[in-house]
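> This is the structure alone, sequence omitted:
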(Lines give C-alpha, C1' and ligand atoms only; values in the text may rest on other atoms or scores of the structure.)
Protein backbone atom coordinates (compact mmCIF):
# COMPACT_ATOMS: atom_id res chain seq x y z
CA UNK A 1 0.00 0.00 0.00
CA UNK A 2 1.41 3.44 -0.86
CA UNK A 3 2.22 5.92 1.85
CA UNK A 4 1.87 9.63 2.32
CA UNK A 5 -0.77 11.76 0.64
CA UNK A 6 -1.59 9.13 -1.99
CA UNK A 7 -2.57 6.65 0.71
CA UNK A 8 -4.59 9.26 2.60
CA UNK A 9 -6.40 10.31 -0.58
CA UNK A 10 -7.31 6.71 -1.48
CA UNK A 11 -8.61 6.02 2.01
CA UNK A 12 -10.61 9.24 1.96
CA UNK A 13 -12.30 8.43 -1.36
CA UNK A 14 -12.88 4.80 -0.32
CA UNK A 15 -14.47 6.06 2.89
CA UNK A 16 -16.87 8.21 0.85
CA UNK A 17 -17.85 5.18 -1.23
CA UNK A 18 -18.40 3.20 1.99
CA UNK A 19 -21.44 5.40 2.77
CA UNK A 20 -23.77 2.81 1.31
CA UNK A 21 -26.54 0.49 2.41
CA UNK A 22 -28.02 -2.60 0.84
CA UNK A 23 -31.59 -3.80 0.75
CA UNK A 24 -32.74 -7.32 1.51
CA UNK A 25 -30.00 -9.95 1.14
CA UNK A 26 -30.37 -13.69 0.45
CA UNK A 27 -30.89 -15.65 3.65
CA UNK A 28 -27.65 -17.62 3.25
CA UNK A 29 -25.60 -14.45 2.70
CA UNK A 30 -27.30 -12.74 5.63
CA UNK A 31 -26.36 -15.69 7.87
CA UNK A 32 -22.65 -15.21 7.12
CA UNK A 33 -22.65 -11.43 6.72
CA UNK A 34 -19.84 -11.15 9.27
CA UNK A 35 -17.76 -13.84 7.52
CA UNK A 36 -18.28 -13.54 3.78
CA UNK A 37 -14.82 -14.79 2.76
CA UNK A 38 -14.25 -17.54 5.33
CA UNK A 39 -11.69 -15.37 7.14
CA UNK A 40 -14.04 -13.37 9.36
CA UNK A 41 -14.45 -10.34 7.07
CA UNK A 42 -17.69 -8.37 7.29
CA UNK A 43 -19.55 -7.61 4.07
CA UNK A 44 -19.14 -3.86 4.51
CA UNK A 45 -15.42 -4.19 5.14
CA UNK A 46 -15.11 -6.50 2.13
CA UNK A 47 -16.74 -3.91 -0.15
CA UNK A 48 -14.57 -1.12 1.26
CA UNK A 49 -11.41 -3.15 0.59
CA UNK A 50 -12.62 -3.71 -2.97
CA UNK A 51 -13.12 0.05 -3.43
CA UNK A 52 -9.62 0.72 -2.12
CA UNK A 53 -8.07 -1.75 -4.57
CA UNK A 54 -10.01 -0.27 -7.49
CA UNK A 55 -8.92 3.26 -6.58
CA UNK A 56 -5.32 2.10 -6.21
CA UNK A 57 -4.98 -0.30 -9.19
CA UNK A 58 -7.84 0.69 -11.48
CA UNK A 59 -9.64 -2.66 -11.14
CA UNK A 60 -10.02 -5.76 -8.96
CA UNK A 61 -11.53 -9.23 -9.31
CA UNK A 62 -14.42 -10.33 -7.12
CA UNK A 63 -15.42 -13.98 -7.34
CA UNK A 64 -17.99 -16.20 -5.63
CA UNK A 65 -16.30 -19.52 -4.86
CA UNK A 66 -18.75 -22.47 -4.60
CA UNK A 67 -18.92 -24.44 -1.33
CA UNK A 68 -15.95 -26.62 -0.49
CA UNK A 69 -18.19 -29.28 1.09
CA UNK A 70 -20.49 -31.10 -1.31
CA UNK A 71 -23.29 -33.25 0.08
CA UNK A 72 -25.21 -36.11 -1.58
CA UNK A 73 -28.60 -34.55 -0.87
CA UNK A 74 -30.16 -31.23 0.00
CA UNK A 75 -31.21 -32.57 3.37
CA UNK A 76 -27.60 -33.32 4.32
CA UNK A 77 -26.59 -29.82 3.23
CA UNK A 78 -29.33 -28.18 5.30
CA UNK A 79 -28.34 -30.26 8.30
CA UNK A 80 -24.72 -29.15 7.88
CA UNK A 81 -25.87 -25.53 7.69
CA UNK A 82 -27.89 -25.92 10.87
CA UNK A 83 -24.74 -27.27 12.53
CA UNK A 84 -22.87 -24.11 11.52
CA UNK A 85 -20.74 -25.58 8.71
CA UNK A 86 -19.31 -22.50 6.95
CA UNK A 87 -17.77 -24.61 4.16
CA UNK A 88 -21.24 -25.66 2.96
CA UNK A 89 -21.87 -22.11 1.71
CA UNK A 90 -20.05 -20.07 -0.93
CA UNK A 91 -17.39 -17.56 -0.01
CA UNK A 92 -16.45 -14.26 -1.56
CA UNK A 93 -12.97 -13.79 -2.97
CA UNK A 94 -11.26 -10.44 -3.50
CA UNK A 95 -8.17 -10.44 -5.69
CA UNK A 96 -5.96 -7.50 -6.46
CA UNK A 97 -4.91 -7.03 -10.03
CA UNK A 98 -1.41 -8.47 -9.52
CA UNK A 99 -2.81 -11.84 -8.33
CA UNK A 100 -4.92 -12.41 -11.45
CA UNK A 101 -2.44 -14.32 -13.61
CA UNK A 102 -4.32 -15.38 -16.76
CA UNK A 103 -7.75 -15.46 -18.35
CA UNK A 104 -9.41 -16.47 -21.60
CA UNK A 105 -12.09 -14.49 -23.43
CA UNK A 106 -13.92 -16.23 -26.29
CA UNK A 107 -14.58 -12.86 -27.98
CA UNK A 108 -14.04 -9.17 -27.46
CA UNK A 109 -16.02 -7.74 -24.54
CA UNK A 110 -17.21 -11.25 -23.64
CA UNK A 111 -17.27 -12.96 -20.26
CA UNK A 112 -14.24 -15.11 -19.44
CA UNK A 113 -14.40 -18.87 -19.83
CA UNK A 114 -11.23 -19.56 -17.80
CA UNK A 115 -9.32 -17.59 -15.18
CA UNK A 116 -6.18 -18.40 -13.19
CA UNK A 117 -5.19 -16.69 -9.99
CA UNK A 118 -3.00 -17.24 -6.96
CA UNK A 119 -3.74 -17.32 -3.25
CA UNK A 120 -1.55 -17.83 -0.18
CA UNK A 121 -1.22 -21.56 0.36
CA UNK A 122 -1.48 -21.55 4.14
CA UNK A 123 -4.82 -19.81 4.46
CA UNK A 124 -6.59 -20.84 1.29
CA UNK A 125 -5.54 -24.48 1.43
CA UNK A 126 -6.64 -24.95 5.01
CA UNK A 127 -9.87 -23.09 4.25
CA UNK A 128 -10.78 -25.14 1.19
CA UNK A 129 -9.77 -28.60 2.46
CA UNK A 130 -9.67 -28.52 6.26
CA UNK A 131 -9.50 -32.33 6.66
CA UNK A 132 -6.33 -32.82 4.62
CA UNK A 133 -3.27 -34.01 6.49
CA UNK A 134 -1.29 -31.13 7.98
CA UNK A 135 2.04 -32.77 7.19
CA UNK A 136 1.36 -32.58 3.47
CA UNK A 137 0.66 -28.85 3.70
CA UNK A 138 3.69 -28.28 5.89
CA UNK A 139 5.86 -29.89 3.21
CA UNK A 140 4.33 -27.68 0.50
CA UNK A 141 4.73 -24.53 2.60
CA UNK A 142 8.44 -25.14 2.92
CA UNK A 143 8.78 -25.06 -0.86
CA UNK A 144 6.37 -22.42 -2.13
CA UNK A 145 4.02 -19.99 -0.35
CA UNK A 146 1.37 -19.81 -3.11
CA UNK A 147 -1.22 -22.07 -4.60
CA UNK A 148 -2.54 -21.52 -8.11
CA UNK A 149 -6.23 -21.99 -8.90
CA UNK A 150 -7.86 -22.29 -12.31
CA UNK A 151 -11.61 -22.04 -12.86
CA UNK A 152 -12.81 -23.29 -16.27
CA UNK A 153 -16.31 -23.05 -17.71
CA UNK A 154 -17.40 -26.10 -19.74
CA UNK A 155 -20.40 -25.38 -21.97
CA UNK A 156 -23.02 -28.02 -22.72
CA UNK A 157 -23.20 -28.86 -26.44
CA UNK A 158 -21.63 -25.61 -27.53
CA UNK A 159 -23.99 -23.46 -25.46
CA UNK A 160 -22.59 -20.47 -23.59
CA UNK A 161 -25.52 -20.19 -21.17
CA UNK A 162 -25.44 -23.57 -19.43
CA UNK A 163 -22.71 -25.95 -18.42
CA UNK A 164 -20.41 -26.80 -15.54
CA UNK A 165 -17.26 -25.50 -13.90
CA UNK A 166 -13.98 -27.16 -12.98
CA UNK A 167 -11.95 -25.69 -10.13
CA UNK A 168 -8.37 -26.99 -10.00
CA UNK A 169 -5.78 -25.97 -7.42
CA UNK A 170 -2.03 -26.63 -7.78
CA UNK A 171 1.18 -25.73 -6.05
CA UNK A 172 4.89 -25.88 -6.83
CA UNK A 173 7.39 -28.21 -5.22
CA UNK A 174 11.15 -28.03 -5.50
CA UNK A 175 12.51 -30.62 -7.94
CA UNK A 176 16.22 -30.52 -8.83
CA UNK A 177 15.61 -32.80 -11.81
CA UNK A 178 13.13 -30.42 -13.45
CA UNK A 179 14.57 -27.88 -15.93
CA UNK A 180 13.09 -24.96 -13.96
CA UNK A 181 13.84 -26.45 -10.54
CA UNK A 182 10.14 -26.78 -9.74
CA UNK A 183 7.41 -29.27 -10.52
CA UNK A 184 3.66 -28.88 -10.38
CA UNK A 185 1.66 -30.83 -7.82
CA UNK A 186 -2.11 -30.90 -7.99
CA UNK A 187 -3.79 -30.27 -4.67
CA UNK A 188 -7.38 -31.03 -5.61
CA UNK A 189 -9.96 -30.68 -8.35
CA UNK A 190 -13.65 -30.06 -7.91
CA UNK A 191 -16.49 -30.13 -10.42
CA UNK A 192 -19.70 -28.10 -10.14
CA UNK A 193 -22.84 -28.66 -12.19
CA UNK A 194 -25.52 -26.20 -13.33
CA UNK A 195 -23.20 -23.23 -13.81
CA UNK A 196 -24.26 -20.72 -16.47
CA UNK A 197 -21.04 -18.67 -16.34
CA UNK A 198 -17.95 -18.24 -14.23
CA UNK A 199 -18.94 -16.49 -10.98
CA UNK A 200 -16.32 -13.78 -11.42
CA UNK A 201 -16.86 -10.01 -11.60
CA UNK A 202 -14.31 -7.56 -12.99
CA UNK A 203 -14.79 -4.48 -10.80
CA UNK A 204 -13.20 -1.63 -12.78
CA UNK A 205 -13.18 2.08 -12.12
CA UNK A 206 -14.38 3.09 -15.58
CA UNK A 207 -16.45 0.09 -16.67
CA UNK A 208 -13.67 -1.35 -18.83
CA UNK A 209 -13.69 -4.84 -20.31
CA UNK A 210 -12.36 -7.81 -18.37
CA UNK A 211 -8.67 -7.39 -17.57
CA UNK A 212 -8.58 -3.68 -18.41
CA UNK A 213 -9.01 -0.46 -16.47
CA UNK A 214 -7.12 2.79 -15.92
CA UNK A 215 -6.13 4.38 -12.65
CA UNK A 216 -8.75 6.93 -11.60
CA UNK A 217 -6.05 9.02 -9.88
CA UNK A 218 -3.27 8.65 -12.44
CA UNK A 219 -2.02 12.20 -12.05
CA UNK A 220 -1.84 11.85 -8.28
CA UNK A 221 -0.01 8.53 -8.66
CA UNK A 222 2.61 10.17 -10.89
CA UNK A 223 3.06 12.94 -8.35
CA UNK A 224 3.45 10.37 -5.60
CA UNK A 225 6.17 8.49 -7.52
CA UNK A 226 7.95 11.74 -8.33
CA UNK A 227 7.74 12.84 -4.71
CA UNK A 228 9.07 9.49 -3.52
CA UNK A 229 12.04 9.70 -5.90
CA UNK A 230 12.88 13.28 -4.94
CA UNK A 231 12.51 12.50 -1.25
CA UNK A 232 14.87 9.53 -1.61
CA UNK A 233 17.45 11.68 -3.43
CA UNK A 234 17.11 14.39 -0.80
CA UNK A 235 17.61 11.97 2.10
CA UNK A 236 20.67 10.44 0.44
CA UNK A 237 22.19 13.87 -0.22
CA UNK A 238 21.42 14.97 3.32
CA UNK A 239 23.10 11.85 4.71
CA UNK A 240 26.23 12.35 2.62
CA UNK A 241 26.62 16.03 3.44
CA UNK A 242 25.85 15.64 7.14
CA UNK A 243 29.11 13.70 7.73
CA UNK A 244 31.77 16.15 8.99
CA UNK A 245 35.28 15.98 7.54
CA UNK A 246 38.39 16.53 9.65
CA UNK A 247 40.66 19.27 8.29
CA UNK A 248 44.25 19.87 9.51
CA UNK A 249 46.01 23.16 8.93
CA UNK A 250 49.77 23.64 9.25
CA UNK A 251 50.53 19.91 9.73
CA UNK A 252 52.44 17.85 7.14
CA UNK A 253 51.94 14.41 8.71
CA UNK A 254 49.84 12.81 11.41
CA UNK A 255 52.39 13.70 14.12
CA UNK A 256 53.86 16.79 12.51
CA UNK A 257 56.62 14.98 10.60
CA UNK A 258 57.46 15.57 6.95
CA UNK A 259 56.58 12.03 5.90
CA UNK A 260 53.75 11.20 3.54
CA UNK A 261 50.27 12.01 4.86
CA UNK A 262 48.50 9.18 6.63
CA UNK A 263 44.86 9.02 7.72
CA UNK A 264 44.10 10.12 11.26
CA UNK A 265 42.03 7.61 13.23
CA UNK A 266 39.97 9.29 15.94
CA UNK A 267 38.15 7.69 18.81
CA UNK A 268 36.56 8.72 22.11
CA UNK A 269 39.97 8.64 23.85
CA UNK A 270 42.14 10.01 21.02
CA UNK A 271 44.53 12.90 21.67
CA UNK A 272 46.24 14.89 18.90
CA UNK A 273 49.35 16.93 19.61
CA UNK A 274 49.70 19.76 17.14
CA UNK A 275 52.69 22.10 16.71
CA UNK A 276 52.44 25.81 17.24
CA UNK A 277 50.39 27.55 14.58
CA UNK A 278 48.58 24.33 13.51
CA UNK A 279 44.88 23.66 13.90
CA UNK A 280 42.41 20.80 13.56
CA UNK A 281 38.64 21.13 13.12
CA UNK A 282 35.61 19.37 11.66
CA UNK A 283 34.07 21.00 8.59
CA UNK A 284 30.72 20.07 7.06
CA UNK A 285 30.38 19.82 3.29
CA UNK A 286 28.52 22.72 1.72
CA UNK A 287 25.69 21.33 -0.43
CA UNK A 288 24.00 24.17 -2.25
CA UNK A 289 21.61 21.79 -4.03
CA UNK A 290 19.94 20.91 -0.71
CA UNK A 291 17.96 24.14 -0.77
CA UNK A 292 16.78 23.46 -4.32
CA UNK A 293 15.76 19.93 -3.39
CA UNK A 294 13.88 21.21 -0.36
CA UNK A 295 11.99 23.88 -2.32
CA UNK A 296 11.05 21.36 -5.04
CA UNK A 297 9.74 18.94 -2.43
CA UNK A 298 7.63 21.71 -0.93
CA UNK A 299 6.10 22.45 -4.34
CA UNK A 300 5.32 18.76 -4.87
CA UNK A 301 3.88 18.57 -1.38
CA UNK A 302 1.53 21.47 -2.06
CA UNK A 303 0.50 20.01 -5.42
CA UNK A 304 -0.31 16.62 -3.91
CA UNK A 305 -2.31 18.23 -1.13
CA UNK A 306 -4.29 20.20 -3.69
CA UNK A 307 -5.03 17.20 -5.94
CA UNK A 308 -5.77 14.94 -2.97
CA UNK A 309 -8.27 17.51 -1.57
CA UNK A 310 -6.27 17.74 1.66
CA UNK A 311 -6.61 21.15 3.38
CA UNK A 312 -3.48 23.19 2.82
CA UNK A 313 -3.58 24.82 6.26
CA UNK A 314 -0.72 27.27 6.57
CA UNK A 315 1.19 25.82 3.61
CA UNK A 316 1.07 27.71 0.36
CA UNK A 317 -1.35 30.32 -0.87
CA UNK A 318 -5.04 29.76 -0.12
CA UNK A 319 -7.20 28.59 -3.00
CA UNK A 320 -10.01 30.67 -4.37
CA UNK A 321 -13.63 29.61 -4.17
CA UNK A 322 -13.64 28.85 -7.90
CA UNK A 323 -10.62 26.53 -7.59
CA UNK A 324 -12.20 24.73 -4.64
CA UNK A 325 -15.50 24.33 -6.48
CA UNK A 326 -13.84 22.98 -9.63
CA UNK A 327 -11.71 20.47 -7.69
CA UNK A 328 -14.73 19.34 -5.68
CA UNK A 329 -16.84 18.92 -8.84
CA UNK A 330 -14.14 16.82 -10.47
CA UNK A 331 -13.83 14.55 -7.42
CA UNK A 332 -17.62 14.31 -7.10
CA UNK A 333 -17.98 13.22 -10.74
CA UNK A 334 -15.34 10.52 -10.26
CA UNK A 335 -16.95 9.23 -7.06
CA UNK A 336 -20.43 9.28 -8.59
CA UNK A 337 -19.23 7.18 -11.52
CA UNK A 338 -17.53 4.79 -9.13
CA UNK A 339 -20.71 4.53 -7.07
CA UNK A 340 -22.66 3.45 -10.17
CA UNK A 341 -20.03 0.78 -10.90
CA UNK A 342 -20.19 -0.42 -7.30
CA UNK A 343 -23.98 -0.80 -7.38
CA UNK A 344 -23.76 -2.77 -10.64
CA UNK A 345 -21.04 -5.00 -9.21
CA UNK A 346 -23.10 -5.75 -6.09
CA UNK A 347 -26.14 -6.74 -8.17
CA UNK A 348 -23.99 -9.16 -10.19
CA UNK A 349 -22.52 -10.53 -6.97
CA UNK A 350 -26.00 -11.35 -5.62
CA UNK A 351 -26.92 -13.06 -8.90
CA UNK A 352 -23.85 -15.31 -8.76
CA UNK A 353 -24.45 -16.09 -5.08
CA UNK A 354 -28.09 -17.07 -5.62
CA UNK A 355 -27.21 -19.10 -8.73
CA UNK A 356 -24.84 -21.23 -6.63
CA UNK A 357 -27.07 -21.60 -3.56
CA UNK A 358 -30.30 -22.06 -5.54
CA UNK A 359 -32.06 -19.21 -3.75
CA UNK A 360 -34.34 -16.69 -5.39
CA UNK A 361 -33.06 -13.18 -5.83
CA UNK A 362 -34.51 -10.72 -3.30
CA UNK A 363 -37.31 -8.65 -4.77
CA UNK A 364 -35.74 -5.24 -4.29
CA UNK A 365 -37.35 -2.10 -5.58
CA UNK A 366 -34.42 -0.53 -7.42
CA UNK A 367 -30.72 -1.34 -7.14
CA UNK A 368 -29.63 -3.79 -4.46
CA UNK A 369 -26.99 -1.34 -3.17
CA UNK A 370 -27.47 2.39 -2.65
CA UNK A 371 -24.30 4.48 -2.49
CA UNK A 372 -24.86 8.00 -1.19
CA UNK A 373 -22.24 10.47 -2.42
CA UNK A 374 -22.65 13.92 -0.92
CA UNK A 375 -21.68 16.97 -2.93
CA UNK A 376 -18.15 18.08 -2.10
CA UNK A 377 -18.63 21.65 -3.27
CA UNK A 378 -18.94 24.17 -0.43
CA UNK A 379 -22.29 25.82 0.10
CA UNK A 380 -22.54 29.26 -1.54
CA UNK A 381 -22.03 32.11 0.87
CA UNK A 382 -24.79 34.73 1.15
CA UNK A 383 -24.05 37.86 -0.84
CA UNK A 384 -23.92 41.17 1.04
CA UNK A 385 -26.53 43.80 0.29
CA UNK A 386 -25.86 47.13 -1.39
CA UNK A 387 -26.41 48.94 1.91
CA UNK A 388 -23.82 46.77 3.64
CA UNK A 389 -21.27 47.38 0.89
CA UNK A 390 -21.89 51.15 1.03
CA UNK A 391 -21.39 51.08 4.78
CA UNK A 392 -18.10 49.20 4.38
CA UNK A 393 -16.94 51.79 1.83
CA UNK A 394 -17.85 54.68 4.11
CA UNK A 395 -15.84 53.14 6.94
CA UNK A 396 -12.82 52.75 4.67
CA UNK A 397 -12.80 48.93 4.80
CA UNK A 398 -13.10 48.64 1.02
CA UNK A 399 -12.06 51.12 -1.61
CA UNK A 400 -14.34 53.00 -3.96
CA UNK A 401 -12.88 51.05 -6.90
CA UNK A 402 -13.75 47.74 -5.24
CA UNK A 403 -17.28 48.99 -4.62
CA UNK A 404 -17.66 50.00 -8.28
CA UNK A 405 -16.32 46.60 -9.37
CA UNK A 406 -18.79 44.77 -7.12
CA UNK A 407 -21.74 46.86 -8.32
CA UNK A 408 -20.68 46.24 -11.93
CA UNK A 409 -20.55 42.49 -11.36
CA UNK A 410 -24.07 42.53 -9.92
CA UNK A 411 -25.47 44.61 -12.76
CA UNK A 412 -23.51 42.69 -15.37
CA UNK A 413 -21.83 45.79 -16.78
CA UNK A 414 -18.28 47.03 -16.69
CA UNK A 415 -17.63 49.71 -14.05
CA UNK A 416 -17.05 53.27 -15.27
CA UNK A 417 -13.51 54.45 -14.59
CA UNK A 418 -12.52 58.08 -14.22
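Perfect, thanks for sending it. Values in this document were obtained by computation on a predicted structure and should not be read as measured data. Numbers count the residues shown, from 1 in each chain.
> Only C-alpha atoms from now on, for both contacts and neighbour counts.
OK.
> Can you show me the helices along the stretch 301-418 of the chain?
Per DSSP state H, counting those that start in this stretch, the stretch 301-418 of the chain has helices spanning 321-357, 386-394, 400-411. These are given in chain order.
> quick one: low-confidence ranges for the stretch 101-250 of the chain?
122-143, 158-161 (pLDDT under 70).
> Where do the helices of it begin and end?
When secondary structure is read from DSSP H, counting those that start in this stretch, the stretch 101-250 of the chain shows helices at 121-128, 134-143, 218-241.
> The last one: how far from the chain's middle?
Mean-position distance between helix 218-241 and its chain equals 20 Å (C-alpha atoms, centre = their mean, to the nearest Å).
> Which strands or helices does that helix pack on?
Secondary-structure packing of helix 218-241 (3 or more C-alpha pairs under 8 Å, 6 or more residues apart in numbering; DSSP states H and E): helix 4-17, helix 289-307.
> and those helices, which is most packed in?
Highest mean neighbour count of the helices and strands packed on helix 218-241: helix 4-17, a mean of 18 (counted as mean count of other C-alpha atoms under 10 Å).
> Give me the contacts around it.
Contacting residues not belonging to helix 4-17 are listed as 1, 48, 51-52, 55-56, 220-221, 224, 304-305, 308-310, 335, 338-339, 371-373 [C-alpha atoms under 8 Å, 6 or more residues apart in numbering].
> hmm, which of the residues you listed are the buried ones?
Applying 16 or more other C-alpha atoms under 10 Å to the contacts of helix 4-17, the neighbour count classes 48, 51-52, 55-56, 220-221, 224, 304-305, 308-309, 335, 338-339, 371, 373 as buried.
> Not counting residues beside it along the chain, what's closest to residue 336?
For residue 336, ignoring the flanking residues on the chain, the nearest one in space by C-alpha to C-alpha, 6 or more residues apart in numbering is residue 373 at 6.5 Å.
> which residues does residue 149 contact?
Residues in contact with residue 149 (C-alpha under 8 Å, 6+ apart) are 116-119, 167-170.
> can you redo the helices of the stretch 301-418 of the chain as TSV with distance to residue 91 and mean pLDDT?
What follows is the helices of the stretch 301-418 of the chain, written out as TSV (distance: least, C-alpha to C-alpha, whole Å; pLDDT from 0 to 100):
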stretch	distance to residue 91	mean pLDDT
helix 321-357	9	82
helix 386-394	65	84
helix 400-411	61	80
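> Can you tell me which of these is packed in deepest?
For the helices of the stretch 301-418 of the chain, the largest average neighbour count (mean count of other C-alpha under 10 Å) is found in helix 321-357, namely a mean of 18.
> for it, packing partners?
Judged by 3+ C-alpha pairs under 8 Å, 6+ apart, helix 321-357 is in contact with helix 4-17, strand 59-65, strand 200-204, strand 369-371.
> Show residues contacting the helix or strand just after the second one.
Toward the C-terminus, strand 59-65 is succeeded by helix 74-82 as the next helix or strand (DSSP states H and E). Outside of helix 74-82, the residues within contact range by C-alpha under 8 Å, 6+ apart are 70-71, 88-89.
> are any of those buried, and which?
In the contacts of helix 74-82, the ones that pass as buried (16+ other C-alpha under 10 Å) are 88-89.
> Among the contacts of helix 74-82, which pair sits farthest apart?
In the contacts of helix 74-82, two members sit farther apart than any others by C-alpha to C-alpha. They are 71 and 89, at 11.3 Å.
> List the residues that are in contact with both of these two.
Shared contacts of residue 71 and residue 89, defined by C-alpha under 8 Å, 6+ apart, are not found at any residue.
> follow-up on the earlier one: report the separation between the residue nearest to residue 336 and residue 347.
According to C-alpha to C-alpha, to the nearest Å, residue 373 and residue 347 sit 19 Å apart.
> Likewise for residue 382?
Taking C-alpha to C-alpha as the criterion, residue 382 is separated from residue 347 by 43 Å.
> Same question for residue 394.
To residue 347, residue 394 is 63 Å away according to C-alpha to C-alpha.
> do the same with residue 68
As for residue 68, its distance to residue 347 is 24 Å (criterion: C-alpha to C-alpha).
> What of residue 179?
Computed with C-alpha to C-alpha, the distance linking residue 179 and residue 347 is 47 Å.
> tell me the contacts of the residue nearest the centre of the chain?
Using C-alpha atoms, centre = their mean, the residue of the chain that lies closest to the mean C-alpha position is residue 56, 3.3 Å off. Contacts of residue 56 were listed using C-alpha under 8 Å, 6+ apart, and they are 10, 215, 217.
> Rebuild the residues you listed as JSON lines, extending it with distance to residue 38.
Putting the contacts of residue 56 into JSON lines (distance: C-alpha to C-alpha, whole Å) gives the following:
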{"residue": "10", "distance to residue 38": "26"}
{"residue": "215", "distance to residue 38": "29"}
{"residue": "217", "distance to residue 38": "32"}
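> Give the residue farthest from the middle of this structure.
Most distant residue from the mean C-alpha position of the chain: residue 276, 66.2 Å away (C-alpha atoms, centre = their mean).
> Residue 94 falls within a helix, correct?
No: when classified by DSSP: H, G, I helix; E, B strand; the rest coil, residue 94 is found to be strand rather than part of a helix.
> How many neighbouring residues does the residue nearest to residue 114 when sequence neighbours are not counted have?
If the residues on either side of it in the chain are set aside, residue 114 comes closest to residue 152, at 4.3 Å by C-alpha to C-alpha, 6+ apart. Other residues lying near residue 152 total 21 when counted by other C-alpha atoms under 10 Å.
> For residue 197, see how far away residue 152 is.
9 Å.
> shared neighbours of the two, which are they?
In terms of C-alpha under 8 Å, 6+ apart, residue 152 and residue 197 are both contacted by the residues residue 113.
> Can you give me the distance of residue 91 to residue 389?
Residue 91 sits 65 Å away from residue 389, taking C-alpha to C-alpha as the criterion.
> Could you do residue 301 as well?
Where residue 389 is concerned, residue 301 sits at a distance of 38 Å (C-alpha to C-alpha).
> Residue 399 now?
Residue 399 sits at a distance of 10 Å from residue 389 (criterion: C-alpha to C-alpha).
> Kindly report the same for residue 241.
Plainly put, residue 241 is 57 Å away from residue 389 if you go by C-alpha to C-alpha.
> Over to residue 210?
59 Å.
> tell me the contacts of residue 183?
Taking C-alpha under 8 Å, 6+ apart as the definition, contacts of residue 183 comprise 172-175.
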